[in-house]
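Asks: What follows is a predicted protein model with its sequence.
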Amino acid sequence: MGIPHRVVYWNVPGHAWMYLPFAILVVVFVYGVWRRWRVWAKGRRVPLRPWGPRVRRLLSHAGLQSRVVRRPLQGYAHAALAVAFGLLFIGTCVVALKADFGLPVMQGAFYLWFESATLDAAGLAGIIALAVFLFRRYAMRPSALGRELADFLVPFTLLIILITGFLLQSLRIYATHDPWGAYSFVGYGLSALYGDWHLSIPAALIIHRSLWWFHLVLAFSFLGAIPYSKLFHLFMAPVAILLSDPQGATSLEKLDIEQSERLGVNMLSDLTVKDLVDLDACTECGRCEEACPAFASEKPLSPKKLILDLREHAHLHPEEPLTAAIKDETLFACTTCRACMEACPVDIEHVPKIVGMRRFRVMEEGEMPSGLAEAVQGIEERGHPFRGAQAGRTTWMEGLPIHEWQSGEPCETLLWVGCAGAFDPRAQKVARALAQLLLAMGEDVKVLGRRESCTGDPARRAGQEYLYQMQAEQNVQTLKEVAPRRIVTMCPHCLHQLRDEYRAFGADFEVVHHSEYLQAALVTGRLRAAAGGRRITYHDPCYLGRYEGVFAAPREVLKAAGGDIVEMAHHGRDSFCCGAGGGWAFREEGAPRVNRLRAKEAVATGAEVVATGCPFCLSMMTDGVKAEGGGEVEDIAEILWAQVAPEVTAQG
Amino acid sequence: MRILCFLKAILDPEAPPGAIRFPGKVESGDVSTVLGPFEGNALELSVQVAEASSGAFVAVAMGDAAQDVTLRKALALGAERAVRVDAPLGFQDPLAVARRLRAAAEAAGGADLYVFGRQAGDWDMGVTAGLFAGLLDLPFVPLVQHAEVSGQSLRLRREIAGGYEESLRQTPLVVSVTNGPGTLMRLPKVKDVMLANRKPIDVLQPVATEPTLELQEIAQAQVTRQGRMITGDTAQQAAGLAAELRRFLVTGGGN
């Protein structure tokens, strides 16, 4: 028997002819990659340092596929196929090392345990994974998965390659009575059948030889198709992950308004290399579409289609403006909730592209949907987006011992009320509840009053970066003058601006959301709450959760207020937008409305109270929950104050 | 076609009650100055006619430096020049305003079309355009919603009960513009806004004129709410409501 091995190219006398299709494959592959490279090369280069967090993200998201497996069925099937693909690739390289370079690598224990047993296991795992994929796409038929010809050919071809591989192996084992055949357990099992079928050896040889060429041509075709299909994600997904912002691209890029030749994105060259790589990294898995509130509410936006449309445009009309591919209705449908980006297994950044294109439409062409345009005009004219507000900046705090900061005064805790807290009658009540809680903690609370102005967040998300930057510069200047020890805010949009996006304008303040500040006070005993006992479901605001990573604090506050928390179908990182983001708080939305969809989930929990931590969510959820026949919608500050107030009174 | 577009910025009508202090002198306090409700319509129509006739428009405002917000907007939307006739904040006699604007129009070399907003949003008199046309002895078409250039004439559209009327008018001409689907002010491009912020605004001293109308007194409306809940079962509530309504009809709501 000798050293365990197998003869490469057994039964294939003219095998040297395979270098002809191989050469074609190489040319086709290189051309395909060059075609894509041409597009990436147009992109703007942005700084990538430090690399550390990027590499860690690569190891987690690509190496461990940590995002892919969030959907266990298809996720683990994909991980298995990826591992199998890798192992089979290594196995094929080993064969090449032996056949083309004569290295004695394919023998002995390595041959038996790796080249035979492990690769058979890999092939089998691959077949199972592909069966799962085909079953999902064609039997379960989720709407987010496409069913074009290519969607079928990709898994089907790979499936045929793996099956013919096993058939070739089994025929070889059968015809050669391979003494080590049992290590190739799948092929060995199949070979046992041929005896039962009385397959003659000459017939087996002919079938084997024909099948070998079929398998080879099919495999080469498959490899050649990689740079022309979604299979290219094999290479581009890791690159997209590596280039993705380690902070999750929550902060938009500060646009150089004076120096930019064109404001915003309208040509491929306005996109970054990362943006263009994203287009080729998309696997068309549709998770973004499933997570998208605009898509769910039948608006003309699917994040997946947006990426695919941009990809098609980039290849077919690389010199034409993007407005030809992406319509305004699509661009302005986005709520900027980042659910798509959180769902994307390969870290495609949809929202910055959308806002980039909005910037062009708004700033270069003066286009903005009505409602949003008036809100943005409000920010420009009176420093807040609430049209027709009958209040001043300090109306909400009448009768409370809170003072506007006076020039020269020290400032311990600055309550950044936000425009909603000041001008929206419902949010004013939240501001009062929060202020009373802060007073109960013995805080010396100050507000900016008339010196507070909109952070500019609605303008920035709408694409009006110019106005945003003016607001940001003015607010940072004011805050530097006040120099507060800390800033507490009840608006997650203000929080995101003050804590993160204002850093690009020289801000460096300690900024906390009221949920974080109240939770800390409850832990240290500065606040004591009476026992409650209501069933509460908590709606995670996108800008508090996905943008700022605050998930636990509001829930802890609710628990401290005696709440019995029941979670909605979508919560935490997978939370579903209330429909207010991206400027929608100020627009007329036709049915079906996002807030109704979210309210349905909230009402389905059977909770008595829907809690949230954002004045915009509060407003949207109030309307939605009322329409869906649910209970109260309250801010965490209101819920906590209701439990704290009796304690304060009891202490006198 | 050469166009003069007369614009006025007013104290924010959405300012909270009490933020603008009067009687006596009007004090703006922290209230911002914004475009009047129909100024955007006048501006839009001016831009449209200037574009359609390959002409140009000049923006004219009267007031203090706070008027610059409207003039800058006009410059951003393509005004060739911006002129401000200096005047203090507060009530102005419309005839005196019309006379001063006539002087400004003459200083600017006249125009084929003089465009006004339907009425300013502060004093809401809506007569300046008509008085101005009278002083210049020009025809005046009020409440225009659409204008189409046809040589040296303009086809003007106005809304009437149940439809609209169109008339062909020879220039020179004075129009006042009201809101309509075609006169919604476009958004200026940011580059144009930035350029507009660097352009000069010419300031003219007002010509001397005798006021024909003087403000005697203005007073702030006192807002009082006198709601009361009618309680009880449905029948009691209905009876209570009926009694309230009867009392309201007799007394006119007074107590």
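Replies: Looks like it came in fine. Keep in mind the model is a prediction, meaning the values are calculated, not measured.

Asks: Run through the bridge partners of the residue in the stretch 1-150 of chain A positioned nearest to chain B.
Replies: With CB to the nearest CB, the shortest gap between the stretch 1-150 of chain A and chain B falls at A:Arg44, namely 19.5 Å. All C-beta atoms are positioned from the backbone trio N, CA, C, and that covers glycine. Beta-bridge pairing for A:Arg44 (DSSP bridges): A:Thr272.

Asks: For the stretch 1-150 of chain B, which segments count as strands?
Replies: B:2-7, B:9-11, B:33-35, B:56-63, B:81-86, B:113-117, B:140-150 (DSSP state E, counting those that start in this stretch).

Asks: For chain A, which of those is the nearest?
Replies: Per CB to the nearest CB, nearest to chain A of the strands of the stretch 1-150 of chain B: strand B:33-35, 4.5 Å.

Asks: sorry, back to before: what's the most buried one of the strands of the stretch 1-150 of chain B?
Replies: strand B:113-117 (a mean of 28; mean count of other CB atoms under 10 Å in any protein chain shown).

Asks: Just the residues contacting it, thanks.
Replies: For strand B:113-117, contacts defined as CB atoms under 8 Å, 6 or more residues apart in numbering or on different chains pick out B:1-8, B:36-39, B:41-42, B:45-46, B:49, B:57, B:105, B:128-129, B:132-133, B:136, B:138, B:154, B:171-177.

Asks: Would you mind checking those residues for buried ones?
Replies: Among the contacts of strand B:113-117, those classed as buried by 16 or more other CB atoms under 10 Å in any protein chain shown are B:1-8, B:36-39, B:41-42, B:45-46, B:49, B:57, B:105, B:128-129, B:132-133, B:136, B:154, B:171-177.

Asks: can you pull the contacts of the residue of the stretch 1-150 of chain A closest to chain B?
Replies: So, once contact is read as CB under 8 Å, 6+ apart, A:Arg44 ends up touching A:Ser269, A:Asp270, A:Leu271, A:Thr272, A:Val273.

Asks: Spell out which parts of the stretch 101-250 of chain B neighbour chain A.
Replies: Selection of the stretch 101-250 of chain B residues close to chain A by CB under 8 Å from any CB of the partner chain yields B:Arg186, B:Leu187, B:Pro188, B:Lys189, B:Val190, B:Lys191, B:Val193, B:Met194.

Asks: Drop anything exposed from the residues you listed.
Replies: Applying 16+ other CB under 10 Å to those, the neighbour count classes B:Leu187, B:Pro188, B:Lys189, B:Val190, B:Lys191, B:Val193 as buried.

Asks: ok, so of these, who is nearest A:Gln259?
Replies: Of all those, A:Gln259 sits closest to B:Lys191, with 12.2 Å by CB to CB.

Asks: What values do phi and psi take at the closest one?
Replies: phi -60, psi -40 (degrees, to the nearest 10).

Asks: Spit out the contact partners of it.
Replies: If you count contacts by CB under 8 Å, 6+ apart, B:Lys191 has them with A:Leu263, A:Met363, A:Glu364.

Asks: is it possible to export those residues to CSV including neighbour count?
Replies: Written out in CSV, the entries for the contacts of B:Lys191 read as follows (neighbours: other CB atoms under 10 Å in any protein chain shown):
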residue, neighbour count
A:Leu263, 24
A:Met363, 27
A:Glu364, 17
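
Asks: Near the closest residue to A:Ser60 other than its chain neighbours, how many residues? Count them for me, please.
Replies: Nearest non-adjacent residue to A:Ser60, counting by CB to CB, 6 or more residues apart in numbering or on different chains: A:Ser66, 4.8 Å away. Using other CB atoms under 10 Å in any protein chain shown, A:Ser66 has 15 neighbouring residues.

Asks: Checking my notes, A:Ser66 in a helix, right?
Replies: No. Looking at A:Ser66 with DSSP: H, G, I helix; E, B strand; the rest coil, it is coil, so not inside a helix.

Asks: okay but it is in contact with A:Arg57, surely?
Replies: No. Using CB atoms under 8 Å, A:Ser66 is not in contact with A:Arg57; the gap is 9.5 Å.

Asks: for the residue nearest to A:Ser60, phi and psi?
Replies: Torsion angles, degrees, to the nearest 10, at A:Ser66: phi -60, psi -30.

Asks: Same question for A:Ser297.
Replies: phi -100, psi 20.

Asks: residues in contact with it?
Replies: By CB under 8 Å, 6+ apart, the contact list for A:Ser297 reads A:Gly579, A:Glu589, A:Pro592, A:Arg593, A:Val594, A:Leu597.

Asks: can you check A:Thr157 too?
Replies: A:Thr157 neighbours (CB under 8 Å, 6+ apart): A:Leu218, A:Ser221, A:Phe222, A:Ala225.

Asks: same thing but at 10 Å, please
Replies: A:Leu130, A:Leu218, A:Ala219, A:Ser221, A:Phe222, A:Ala225, A:Leu231 (CB atoms under 10 Å, 6 or more residues apart in numbering or on different chains).

Asks: so how many other residues sit close to the first one?
Replies: So that's A:Leu130. Counted with other CB under 10 Å, residues neighbouring A:Leu130 total 24.

Asks: what do you get for the second one?
Replies: Taking other CB under 10 Å as the criterion, the count of residues near A:Leu218 is 16.

Asks: That one sits in which helix or strand?
Replies: Per DSSP states H and E: A:Leu218 is located in helix A:201-225.

Asks: Turn the residues of the stretch 101-250 of chain B next to chain A into a markdown table, columns for distance to A:Trp37.
Replies: Output for these, formatted as a markdown table (distance: CB to CB, whole Å):
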| residue | distance to A:Trp37 |
| --- | --- |
| B:Arg186 | 41 |
| B:Leu187 | 38 |
| B:Pro188 | 40 |
| B:Lys189 | 35 |
| B:Val190 | 34 |
| B:Lys191 | 33 |
| B:Val193 | 39 |
| B:Met194 | 37 |
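
Asks: Most widely separated two among these?
Replies: Spanning the widest gap among these are B:Arg186 and B:Met194, at 16.9 Å by CB to CB.

Asks: ok, A:Asp309 touching A:Leu322?
Replies: Yes. Here A:Asp309 lies in contact with A:Leu322, judged by CB atoms under 10 Å, at a distance of 9.2 Å.

Asks: For those two, indicate the residue with more neighbours.
Replies: Using other CB under 10 Å as the criterion, A:Asp309 and A:Leu322 rank with A:Leu322 on top: 24 against 18.

Asks: Which residue, other than its chain neighbours, is closest to the more buried one?
Replies: Spatial nearest neighbour of A:Leu322, excluding adjacent residues (CB to CB, 6+ apart): A:Asn266 at 5.5 Å.
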